[in-house]
Structure formats: C-alpha cells, structure tokens
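*Asks:* Fold the following for me, if possible:
(3 chains, ligands or ions: 4)
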Amino acid sequence: MSSVIESHHDDHHHGPAKGLMRWLLTTNHKDIGTLYLWFSFAMFLIGGAMAMVIRAELFQPGMQIVQPEFYNQMLTLHGLIMVFGAVMPAFVGLANWLIPMMVGAPDMALPRLNNLSFWLLPFAFGILLSSLFMEGGAPNFGWTFYAPLSTTYAPPSVTFFIFSVHIMGASSIMGSINVIVTIMNMRAPGMDLMKMPLFVWSWLITAYLLIAVMPVLAGAVTMMLMDIHFGTSFFNAAGGGDPVLFQHIFWFFGHPEVYIMILPAFGIISHIIETFARKQLFGYESMVWAMLSIAILSFVVWAHHMFTVGMPLAAELFFMWATMLIAVPTGVKVFNWVATMFKGSISFETPMLFAIAFVVLFTIGGFSGLMLSIVPADFQYHDTYFVVAHFHYVLVPGSIFSIMAAVYYWIPKWTGNMYDERMGRLHFWLSFVGVNVTFFPQHWIGLAGMPRRYPDYALQFADWNMVSTAGAFLFGASQILFLFIVLKTVLGGKKATPQVWEGARGLEWSVESPAPYHTFSTPPKVN
Amino acid sequence: MEDRMEYQKYYVPESSKFPIFAAISLFILIIGASSTINSLDNPESNASLILYTGLACFLATLFFWFRQVVKENNAGLESTQLSQSFVYGMAWFIFSEVMFFAAFFGALFYVRTFAVPWLGGEGEKGLANILWQDFEASWPLINTPDGGKAFVIAAKSMSFPGWENISHWLPIYNTIVLLSSSVTVHFAHLGLKKGNKKTFNAWLAITVLLALIFVGLQALEYYEAYAHFGLTLNSGIYGSTFFMLTGFHGFHVMLGGLMLAVMLIRSVFYGHFNEHKHFGFEAASWYWHFVDVVWVMLFLFVYIL
Amino acid sequence: MFKKINNLSKSAFTALLMLSLYPSKVLSDWDALNMREGVTQVSRDVFELHMLIFYICVAIGAVVFSVMFYSLFRYTKKRNPNPSTFHESTKLEVAWTIIPFLVLIAMAVPASKTLTEIYDDEEGEINIQVVGYQWKWEYKYLEDDINFFSNLSTDQDEIYNLVPKGENYLLEVDEPLIIPVDTRVRFLITANDVIHSWWVPDFAIKQDAIPGFINTAWTRAEETGIYRGNCTELCGKNHGFMPVVVKVVEKDEYNEWVLAKKEEAIKLAELTEKEWSLGELTERGEGVYQKNCVACHQMNGEGLPPIFPALAGSDIVMFDKDRNVEILMEGVQGAAMQSFANQLSEVDMAAVITYTRQAWGNAENGDGVYVVPSDIVEYKKPKI
Ligand code: HEA
Ligand code: HEA
Ligand code: CUA
Ligand SMILES: [Cu+2]
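*Replies:* Ligands and ions are numbered 1, 2, ... in the order given. Okay, here's the model as predicted:
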C-alpha cells in the first residue's frame, strides 16, 4: 500500500489523468467544479423542459396537452430539480473552482469527500427522475410536499423521493463542510477574514446555513417516512400530531434555503460590478455584515410562508416584522452596488450586462417579496401567481443570471479561451427580454386572482398567460444559445490573458489562463 | 497562523476509487431501502436483498477508505494543517447531527405546547376540539384524539413513575450508564495524553462495554413498551416522538460505540495512537460526548418533564 | 447580423416596456390587472394597504434605479476614463440603513393595525362550518341545521375543449354558499382529507382548511352579488377544479332560502319512501355518479390505478353488496375515498351504488344485486 501512497505523492505535479476515469475518480477541485457545473446545466435543461410543459399547458384555458395529475408531477419535479439540481449544484461548482484559487489554497481541504459529494447527486436525481416511470407516477405534491398530501395521500414513489432527498442532503452537508474547512483552514498567509474576496465570504455564510438546515430537512422527510409506513402520527391530528407542524419544519429549512440560493449570487455580482466599473467595491465591510445579518435573520422568518395557516396573532406579527427587516441589509447591498458604479468607468461586457440586470430585476423581486411579507396583503397574494412572479424574479434573473454572469466572467480563466462577446450579448438580450415577458405579467394575473399550481384557469387570465408562455419559450430557446456559446468557448477561441479583464482584482487573476491543474502548490503571498 | 506556512506538505490525494464506490453503494442502498419499504406487506418480495447488498458494499467501502486514511497518516503524509482539517470537519459534522436532533426536539416541543392542547380545547386554536369532542389533552399523551380508532391507545407511558418506583425505572440506569461512559472516555483520553497506553486501552474498553450495556437496556425498554404497555410507534404522537427520539439516539449510540470499538481495536492490535497523534480517537470521543448530551436532553424532555 | 438581432431585441424590449405601461389599451383594462377592492371594510383596507406598499416600492425603485441608470450613462468608460477611488463612507452607510428602516415602520404600522382588525373574531350572527374535501366544499349552517356540498359545475367537455367555454368557466358550482348582506358571518374552516384553502378575494378571506383543526374567518358583506374564489392550497389532482362561490343576498331572501332548504329536506325524505324501480335508480345514479365520482373513478369506471381503483370489474362492486354500501357510507381510512353518508341523500346513495353495480358490464359479470333507498335507511339505523 505504501507504494500507492508514494505514487500519489509523485503525480501531485502531473496534469489530469485521461478518459472517463479522470472524472469518476478525480479529487481535483477544478475537475469536480466542472462536473458540478455541467451536471447543474443538464438539470437546468431538464427542469426547464418541464417548465415548458407547464407553460405549454397554460398557454390557453382548458386541458390541452397533459392531464392534471401529470401537471402536478411536472410542477413538483420542476421546482425540486431547479432548486436542488440546478441552482445549488451550480453554486457548489463555482465554489469548487474558485474558492481554493481565491484564498490561495492547493485544493479543497477534503478532496475525496468532495468527489463523493458530487457523485451522490447524479444518483439522487436519477432516482427522482425514474419515479416518473413508477406505478402511480412521480411525486405530485409540490416542491414543498405538505403533509398529508405527501404522506397519507401520496403515490408509492414518495418513498424513493424521501431517500433521494436524504442523499441530496448528505451531499450538500459534505460539500458545505468542505467549503467551511477550506476557508477556515487553508487560506494563504496574510489572507485575513476581512480580506477575503466577497464570493468566499458569501459561500462561508451559505455553507453555515446549509449545515444548519439540511439536517432539518432530513428530519422532516424522515418523519414523513415514518408516518407513511410505520404508523407514527407526526402530521396527523387523529393521533395528536399536526399537519402544520410539517410546514414549520419544512420552512425552517426552506426559508434559509432560498437565501442559500441568493447569497453566493451576491458575492459573484459584487466581483463583477467592481471589475467592470473599474472601481473598488463600495463598502466591503458593510457587505459582509449585510450578508451575515440576512443569514441570521433568515432563521426567524420561516413562517411568512404560512400566514394563512391560522397562526395566532402574535406569531403573525412577529414573522411579519422580522421578514420586513431583511429589506434593510438587502437594501444596503443594492445601494453599495449602485455606489460602486457611481463615478466608475463602466464598460458593458456580457458579465456586466447580466450583473446590471441582476441588480434591477432582483430588486424588483425583492420588492414583491416585501409586499408578500405584509400579512393582510399576503392573505390576497398567497398561493397566487403573484408569489410565482416574486420567486421567479429572485431566482431566474437573480440566481440563474448570476450563475450565467459568473460563467462568462470566469470561463476565460477556466478554459483559457475568450467567449464570443457578440453572441454573449445576444444571449443576454434574448434572456433579458424573455425573462421579463415570462414573469412580469404573472404579477398581474396573480393580483387579478389566478391561483398557482392550477393546470387550468378561468377565462379572464387567458391573455397574459399566453404572453407569459411566449416569453417562456423565448427564454428557454435562448438557453440553447448559451449551451452553444459555452461549448464553443471550451473548444477554442481567442486566447485569454492571465488578467482577462482590465479591472479584475483577486488571486485567481494572478495565475495564467487556463489556470494550472494544481494552482497553488506553495501558498501565494497576500499583501 | 504559523502552520499556514506548511502548505508544501498539504497532502492532496491524486485520485481515489473510494468516493465513487461509496456513491454507487449508497445508490444501491437507497433503491433497496425504498423498494423494501414499499413492499413491506408483500412477503414474496426480495427487495431487501438489494438493501443488504448496498449496505454491505457501503460498509466495505468505508472500511477500506478509512484504512487508507489511517495508512496515509502513519506514512507521515499528515501535517498539522491536515489534522486541523479533520478536526474542523468532524466538528461541523457533529453540528449537523445536532440540527438533525433539533428537528425532532422541535416537533416534540411543538406538539406539547401547541398541537395537543389545541386539540384538547385549550389555547388560541382550541376550537379544534369541536372535531374531537371526547378528547382531553395531557402529557404524556397515552390516549389519542380519535379515541384509538386509527391509533392504538397505550396502557402507560415511559415517563418518570414517581420516586417510590424509581428503582424499576430503566431510564435512570440508562442515564447512569451513559453519563459514566462519558467520564470513562475522558479518563481514556487523559491516559493517552500522558502517553499511558495501558490506562487508555482499559478505560476505552470500559467505555465500549458501557455502550453495549446501554444498548441492551434500551432494547429491554423497548421490549417492555411493546410487550407490556402496548406503547408502540402506533400509539399516537407520544409514541411517535418517544420512539423516534430515543430510537435515533440509540442508533447514534451504536454508531459512536462502533467508532470507539474500532479505535480500541486499532490501539490494541495495531498499536495506533500516541500522546501526539490520536485524532481518530479524539473524533470518536467528541461524538461520544455529543451522544451523551443528547441523552441528557432526552432524559429531561422525554422522560422527566 | 448580430448587431441587427441585438438591436432588434433591444427595440423589442422597448416595445414591451411601452406595452406594459399601456396595457389597458392593448389587452384588457387595468382593473383586471390589479387586486380587487372587494365588498367589505376589511377587503378595502387590505386593498389600500396593497396600494400603499406598492407605491412605496415604486418610489424607492424610482430613486435607486435612476441613480443607477444615471451612473450607467454618465460614467461609461468612454465618458469617464478615470474612475474615482472612493470606496467607503460611514455616513452614507448609516443613512441608507436608517432611512429604509423608517420606511418599513411606515408600512408596518398600518399593516399591523389591519391585521389586528381581521383577527378580532368573535362569534358571528351566522356561523358556518366550511369543510374542504377532495375536491369540493361542504357548508354546514350551524344554527339552522342545513348542510350541503358545493361541486364544480363546469362541464368536462368544456374543460377538454369539446364545446365552447362558458362565461364563468371553472368558477361555477352546482350550489353556492348563500349568506345575507350586512350580517356578520363567521366561518369555521376545516378539512376532511388533505389541506385545502378557502379563498374569496372580494372578502379578502383566505384561510387554510387543515384536517383535524379549525381556522376561523369572518366577513360582513356590504353588497349583494355573486363572489367567486378558489381553493388555494395544492390538494391533489383536481386542486384547480374546486371553486368557491358565495352568493350574498338580501336578508329576507336569505330567510326564505333557509325555509325552502328545510322544506326540501322534508321532500327528500318523502322520496325515500317511494318504491324505486331498477331503471329509475340507474338513471338517477348516473347523474349522481357524474357529479360525485368521476373525478376519481372516471366516467368509464376504470379509475386511475393504483391510487384510484377501477369500479368496473371490482369484486366489491360486483359481488359484495354489504361492503359496497359500507365503503360508500364510511369511506376508506387513509385514502381519498371519503364517506358519502352526509353528501348524498338515501335516494342518491342507493342510486349511485345501483348505477355502479349495473354499468360497465358489472351486472352481467357480477351478481346483479342492486340497492334501494330503504337499504340505506336500514344501514343508518343504530345497530344494537
Ligand atoms: C432567491 C430566492 C429568494 C429571495 C432572495 C427571496 C427574498 C424575499 N422573499 Fe421570497 N420566496 C422565494 C424565494 C426568495 N425570496 C420562494 C422560492 C418563495 C415561494 C416558495 C413556495 O411557496 O413555493 C418565496 C415566497 C415568499 C413569501 C411567501 C409568499 C406566500 O406564499 O404567500 C414571502 C412572504 O413574506 C417572501 C418574502 C421575501 C422577502 C421579504 C424577501 C427579501 O429578502 C427581499 C429583500 C429585498 C428587497 C426589499 C429589495 C432591495 C432593497 C432595497 C432597494 C432597500 C429599500 C427597500 C425598502 C425599504 C422597501 N417570499
Ligand atoms: C431556481 C429555480 C427555478 C427556475 C430557474 C425556474 C425557471 C422557470 N420556471 Fe419555475 N418554479 C420554481 C423554481 C424555478 N423555476 C419553483 C420552486 C416553483 C414552484 C413549484 C411548486 O409550486 O411546487 C416553480 C413553478 C413554476 C410555475 C408555476 C406553476 C404553477 O404554479 O402551476 C411556472 C409557470 O409558469 C414556472 C415557469 C418557469 C419557467 C418558464 C422557467 C424558465 O426560466 C425555464 C427556462 C429554461 C429552459 C426552458 C431550459 C432550456 C432549454 C431547453 C431544455 C430546450 C427546450 C426548450 C424549448 C423547447 C423552448 N415555474
Ligand atoms: Cu382543494 Cu386545492
Ligand atoms: Cu421565505
């Protein structure tokens, strides 16, 4: 065995192995980052294709292409796949690629665990997707799987769903442990906490959120499993339990979860804006404090998803006020971004276009979030398309745009090639138009009273649903262009300099492009 | 800060078969588990074979994986920094376990303070009692709102039976056993720090023994509950919370006990660990203390209050 | 080429902006795009709150975005090649922490006030228990001992695009909830199986119906009329097909309706006494089946296995009359099959069972035994 260890020691300075085995066995943070990114992109396409089924069915009133029970399956899988399969793994992929480079570490702290975290995912989602072919169909109870619809009344495939959530959770927990350990233990000398790039900070906070809430989700699905198959009554009043208990546990996970999907985006956008404004980020420290406050507050606002379950008045008031407070630190971030652009020297490459759109559209999504937090008004908004509009505004031009911005921004560093700027801009404009045409009208149909999770609707919502569907197909089709641009860049293109962007700051820009397989075998010096 | 200078030595394994094997065996494991559970009422099904295959593969992978890590350590590849990574990793893993238990404790507190009183007609949502007219709230709740229609009414709860009966009350022995095991594992640690392997092995062996006794007592308690009190997973929310909390705790005791046993074997048969290098043992002992703290919480909130 | 497409999409975007600013001219009118004011004090308070927070958000957005777009136009690389170097200002940071905080207080105060009003929920002059079922609503008038079910009345053919859709497509029911105007009505909302949510936008009431628990809501409608709403909690397959319809009538009319409803009950009892022929029962049963059973067991009796079993060829339906009656009367614990004992009169119950035992070849392949109303009456008698 010791000979094996010896050889490990040697290939430390070699490049990657060849073939499939490289990807199956790799412990290299860049390889694993790449795997995560491609996996998440595949999931985005699958989840997006499901969204297309949803939108196509909603193109007109009446049932046209699917049955209500299949619609519910699409809806559930779309939500689950986008959240757990597309956005989260994409951020983990970025973390893998960037954090070791940004803090000057040789790799992630626990490389083999890192590989395991990734490889659990394809299996977990394989199981989830295979439930479509099981007797009784795939999970059909929404991505929030409220009991008892998801327990007593669920299709048999719910058991597979429960275990695949366990596996996804295990993957996220291991991934976050890795991130935390890397950041706490592997920084280059001189890289103090308050000198860390914001993306690293955002991920440190995200990782803590993940470790704190993924086990709670695991607890929730375990209780479901017991209720379904082993006679417990956690969510059944007949035995002294309470269906609302499920919602409390779910949202104790679920609300921090939505910030898990936006904090890394805050980090990315901060880097991009300072680069293309050619001006140091305004208010670095307050950015860090704002993210910390958002994370801490996120633990005490969960019940804003449950304003209509009939909580006592005191609880409603508390959760309303706590939720509203989140606007303050989030506002600080928006103002800091604007202040960074102010008196900068701005150019509009594709990453910057996405970043600007992020700031505007995320803020709009934040505003509708704030409106939702006002309890009496939420009695009218809740479970209508107004909520759907809200969360797609923070998730699609929020999280997804930030991921795309990140890909355009760092892909020269990853591949050594520049992407095609004109095509990138085209992709941006198509996406920008598409996303707004899709989701802006949903505010209106929501206010006018169209409930969400409906496969069919009353006639007065017909016009804007049609517009929304048209937008959705435009947006979807433009993502094929994105795939094309990325592939083209991977295969070739104008060679990138180490610095890549005139205004870029940070350790990752100090190494050549593409970054060497092992970036920092000896720690770099940080001023 | 100083040990940051040791980067050159940070050991990055080049590539490894263990993770992918672990992932595949977990895949088999959960397919097996789901199919088995879905065909519980079908005696013909042999889905459990898949489950056991997955489990066996997974355990084997873990075994070889850990053995490899131990080897690497002994081959001198570790650095203070790498050990530090393991320390952080273990600490945050334990934190995630804490949060897992928090979900179940949260459920317990919620039903005790809200759901059950409401169903019984007390508190702000007490109107619910219209639907369960004969139901009165109490804790420990041995009846159920539906009067035992869908759920079984137990004869007796496992709570504190009063001072006069305390000598027949198993949990008190369980508490004594588990608390002393935390002390013994600490003595083992002290012994090791002084470089006294004999003391270490002896105290560690006692700890493992205590873990076994605990598990045995717990099994006895469950037997009593099922056979004599009619208290089962099916006895409404009291049974649900009782068995889930103590059950998961018991499972973690087994896990922790197993870890300690492995450490004992490594120490006795392979001569591992000395006063400077004993992270493996330390991690297991932290886990053990954590399990102990959970028990104290259980004892308070499940058994006594 | 790219430039062209780029410009094209840019102008498409501008056109869209214009579109969204003048939607009234283009597609429908503004009212259809905003929240309804409704017909109660509470609903108007909620509407005003909604507009208030909306305008505050628009105002903040206007300020933030105009500074941002100003920077984007004024400080481009071309116009400002040398960026400033300032990057912090405690004063600014404090200002933009405190000002939003104050704005939030300005929103929280009226919000909390309205909420407290809504929560002030004593007994009503009329108390109605609302029960959600998969997929219909039951209304029980607690004082008057009236109770009935409210089912979607839109034709399946409309849903499947075989005939043109009516004006109130998916927002119509066979029997609406009826309440008097200017009267405090309190709803006790619960559910029988999964969680549903009872929403009437014009009253600004949306309360989840939780099985085993009771939520309350109240209203005092100020205008007569028909108000339509929906179930707003995902409750399974036909979540989209269980609307809420409330008819607010003058007080006199309401009292008359209560009387009529009670008389109807007496008439129904008489029907039960009548001798029914197999043909009559089967015919009536088909109607009952269409209204109550097709959602799960489908028109052709094939169901949607494995969740919803087929009735065509079912052993119970073909051979086991007693079990068949029992299932209909008691429901099946832990499954969507609910008790229909309170939903169907004795006649309808007998009719639907008879229908299922006759249709789809069940009579030919099975024992052909059918059920008459007196069987149900018999079943309902307390057993000693
Ligand atoms: C990335 C994900 C993300 C993010 C960042 C947010 C951010 C916020 N969300 Fe959202 N939310 C979701 C994802 C997200 N949400 C999802 C997925 C759901 C639906 C789940 C489901 O049911 O399926 C949901 C649902 C949801 C609800 C429940 C609605 C309902 O079901 O009835 C509520 C209610 O309070 C809410 C509130 C908020 C608030 C207050 C914020 C705040 O964080 C927003 C803060 C930002 C701003 C306010 C803008 C910038 C600030 C300024 C410019 C400063 C000045 C502003 C003021 C003082 C007004 N969200
Ligand atoms: C990060 C999360 C995320 C993302 C990115 C998206 C992306 C999209 N979502 Fe979704 N969505 C959710 C999270 C997300 N969603 C959640 C959590 C829910 C709630 C679920 C629930 O209620 O339980 C939801 C629900 C939801 C609904 C509400 C359904 C209902 O309530 O009845 C709708 C309806 O319009 C919708 C639409 C879309 C569309 C059009 C996109 C588009 O942006 C997708 C675009 C992407 C593609 C299209 C893929 C790329 C292209 C191809 C694969 C090629 C094929 C394309 C064509 C043929 C055009 N989503
Ligand atoms: Cu009932 Cu949705
Ligand atoms: Cu939330």
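
*Asks:* what bits of the stretch 301-450 of chain A have low per-residue confidence?
*Replies:* Residue ranges of the stretch 301-450 of chain A with pLDDT under 70: none are present.

*Asks:* residues from it in reach of ligand 1?
*Replies:* Applying C-beta under 6 Å from any ligand atom, we find that the stretch 301-450 of chain A lies next to ligand 1 at A:304-305, A:323, A:326-327, A:330-331, A:334, A:363, A:366-367, A:369-370, A:372-373, A:378, A:381-382, A:387, A:390-391, A:394-395, A:398-399. Heads up, the C-betas are built off the backbone N, CA and C, glycines and all.

*Asks:* what residues are up against the closest residue to C:Trp360 other than its chain neighbours?
*Replies:* Excluding the flanking residues, the one nearest C:Trp360 by C-beta to C-beta, 6 or more residues apart in numbering or on different chains is C:Ala312, at 3.6 Å. For C:Ala312, the contacting residues are C:Asn300, C:Gly301, C:Glu302, C:Ala359, C:Trp360, C:Gly361, C:Asn362, by C-beta atoms under 8 Å, 6 or more residues apart in numbering or on different chains.

*Asks:* how does it look with 10 Å?
*Replies:* C:297-298, C:300-303, C:318, C:356, C:359-362, C:365 (C-beta atoms under 10 Å, 6 or more residues apart in numbering or on different chains).

*Asks:* What does it show for phi and psi?
*Replies:* Main-chain dihedrals, C:Ala312, degrees, to the nearest 10: phi -70, psi 120.

*Asks:* quick one: contacts for the closest residue to ligand 2 within the stretch 151-300 of chain A?
*Replies:* Residue nearest to ligand 2 within the stretch 151-300 of chain A: A:Met261 (6.5 Å; C-beta to the nearest ligand atom). For A:Met261, the contact set (C-beta under 10 Å, 6+ apart) comprises A:82-83, A:86-88, A:90-91, A:206, A:391, A:394-395, A:398-400, A:402.

*Asks:* Could you double-check that C:Gly229 sits in contact with C:His196?
*Replies:* No - in this structure C:Gly229 lies outside contact range of C:His196 using C-beta atoms under 10 Å: 11.9 Å.

*Asks:* outside of stretch C:280-288, which residues touch it?
*Replies:* For stretch C:280-288, using C-beta under 10 Å, 6+ apart, the contacting residues are C:271, C:274, C:276-277, C:289, C:293, C:299, C:340, C:343-345, C:347-359, C:363, C:370-373.

*Asks:* so where do the helices sit in the stretch 201-305 of chain B?
*Replies:* Remark: helices assigned in the stretch 201-305 of chain B by DSSP state H, counting those that start in this stretch are B:236-270, B:279-298.

*Asks:* before we move on, what about the stretch 251-400 of chain A?
*Replies:* Listed in chain order, the helices of the stretch 251-400 of chain A (DSSP H, counting those that start in this stretch) span A:263-276, A:284-297, A:313-325, A:327-341, A:350-372, A:375-381, A:385-394.

*Asks:* Ok, the stretch 1-150 of chain B next?
*Replies:* B:18-38, B:48-74, B:80-110, B:116-119.
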